[in-house]
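S.K.: Fold the following.
(4 chains)
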Protein chains: 2
Amino acid sequence: MKKDLSTEQKIKDAARKVFMSKGFSGCTTREIAKSVGINVALLNYYFRSKGKLFELILEAALSDFIDAMVDVFSRDISIEDKTRMLIEKEFEFLRKHPELPLFIHAGLNQESDGELDQSNFLGRLHETGIFEQCEQAQQEGKMRKVNMINVTLLFMSNCHFPIMSKKLVCGIYQLKDKDYDERLTEHQKIVTEMLIHYLFPNTKQHA
Amino acid sequence: MKKDLSTEQKIKDAARKVFMSKGFSGCTTREIAKSVGINVALLNYYFRSKGKLFELILEAALSDFIDAMVDVFSRDISIEDKTRMLIEKEFEFLRKHPELPLFIHAGLNQESDGELDQSNFLGRLHETGIFEQCEQAQQEGKMRKVNMINVTLLFMSNCHFPIMSKKLVCGIYQLKDKDYDERLTEHQKIVTEMLIHYLFPNTKQHA
DNA sequence: TTCGATTTTAAACAATTGTTTAAAATAAGT
DNA sequence: ACTTATTTTAAACAATTGTTTAAAATCGAA
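M.R.: Numbers count the residues shown, from 1 in each chain, chains lettered A, B, ... in the order given. Reported below is the predicted structural model:
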């Protein structure tokens, strides 16, 4: 099945999986090495330390999210359609990688220094012209005048949180995983309708 | 300043603070003991192990949230007013304890067994009659017909996530903490308006 | 005061941690 | 084939981990 990847890449893949499920301090370098089938020392040979490796994985995970946004924002469609598409893509992506949001948030809070955006996330978003498109839509009265930070928060809250909170909600409501996933499908529709209706009040809702 | 609490309580307080900021495996028993000013062995004397102590703290943290909900739900006011009040109380509470949501989610995902609801959270919510009140409001056409799980998700997503994501959003948008807190104030209004408008479409919005 | 229980401590425990060192195995270049 | 890099390993490292043990200190009641 698996291609014969380079050792370096195999380590990254294993580290990603282990870090995602257990967090930085919740796992050991030996655990990662074992899951690759190599010696512990190779970890420090390719990456200098456990911390460096973690930063790499975290940065890549963050990049995945930004990439998805950039992909949608770069298209030549209306801001409203971008909103719909982003929600759809995000739910689709997160269903495949449900551990990602919690990993990112927990990871960011574990790092002492807030050295983010060496990857220039903001710049990549700007290049899509999404901010100008919003500004224009707001001026034309097509979009509610809400600060972009708040728009981002609305979007992330309603897409990311429902994925993160599976254990919490299932615990409180005594739900089985399958039941929650059904709720999640329904929730995607709800979130889409609510956000579109709030951000673009003048639009007739789609089917 | 500090009252002379029992050693047991002092340990709990310190453990809560340390666990909150560093997570279970991100801190050591000695670190907790040191911050109380006692010997490490006392930790295992009062609580049997680091894990037991953590479960205790986590359970208490969860209880705090349920308590807030129960408090609001128990009042003799309309379901719409309860919604408004819950959002308000939640933002107020979370501004004082911003580490709580992430701690709970990360904590739940670290625990192997999903042994939640030994505190009977669901039962306590039921006792308030909130579910019947919603059911009735929905039958009367006052409230949109949305499953209670989804209502819970909507509420938690929009209240908890903005607090959790401070580092992420500040990192991406290069915001200072102060600026984010301003956005948060604005966001509370946005969330209130959006949720009320979505869940109670026939209502005229308040000032 | 004295005796017994409770609380607190110092010390040690075995196990595990991230990392380094030096040697071995493999690959590459000539 | 021989020599030099590169990759991989086994072993050891000092430090730290959660927990336990046994002795000391403190307290309460008789």
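
S.K.: now chain A, which segments are flagged as low pLDDT?
M.R.: Scanning chain A for pLDDT under 70 picks out A:1-4, A:112-115, A:117, A:204-207.

S.K.: Please parse it into its domains.
M.R.: Each domain of chain A is listed here as a residue range: A:1-47, A:58-199, per automatic domain parsing.

S.K.: So for the last one, first residue to last residue, what's the gap.
M.R.: So the one you mean is domain A:58-199. Start-to-end span of domain A:58-199 (CA to CA, to the nearest Å) is 31 Å.

S.K.: For chain B, find the nearest of the domains of chain A.
M.R.: domain A:58-199 (3.1 Å; CB to the nearest CB). Bear in mind the C-beta positions are built from the backbone N, C-alpha and C, glycine included.

S.K.: Who are the contact partners of the nearest residue to residue A:157 once chain neighbours are set aside?
M.R.: Setting aside the residues directly before and after it, residue A:157 is nearest to residue B:161 in space (CB to CB, 6 or more residues apart in numbering or on different chains), at 3.8 Å. Under the criterion of CB atoms under 8 Å, 6 or more residues apart in numbering or on different chains, the contact partners of residue B:161 comprise A:153, A:156, A:157, A:160, A:161, B:101.

S.K.: Single out the most deeply packed of the domains of chain A.
M.R.: Per residue and on average, the most neighbours among the domains of chain A fall to domain A:58-199, with a mean of 17 (mean count of other CB atoms under 10 Å in any protein chain shown).

S.K.: Minimum distance to residue B:173: which of the domains of chain A has it?
M.R.: Each of the domains of chain A was scored for nearness to residue B:173 using CB to CB, and the closest is domain A:58-199 (6.0 Å).

S.K.: close to DNA strand C, is the closest one?
M.R.: No - Domain A:58-199 is not in contact with DNA strand C by CB under 7 Å from any atom of the strand; minimum separation 13.0 Å.

S.K.: Which of the contacts of residue B:161 fall within strands?
M.R.: Secondary structure assignment (DSSP state E) places none of the contacts of residue B:161 within strands.

S.K.: which of those residues lies closest to DNA strand C?
M.R.: Nearest to DNA strand C out of the contacts of residue B:161 is residue B:101 (CB to the nearest atom of the strand; 26.6 Å).

S.K.: follow-up on the earlier one: out of the domains of chain A, which comes closest to DNA strand D?
M.R.: Closest among the domains of chain A, once you apply CB to the nearest atom of the strand, is domain A:1-47, at 3.6 Å.
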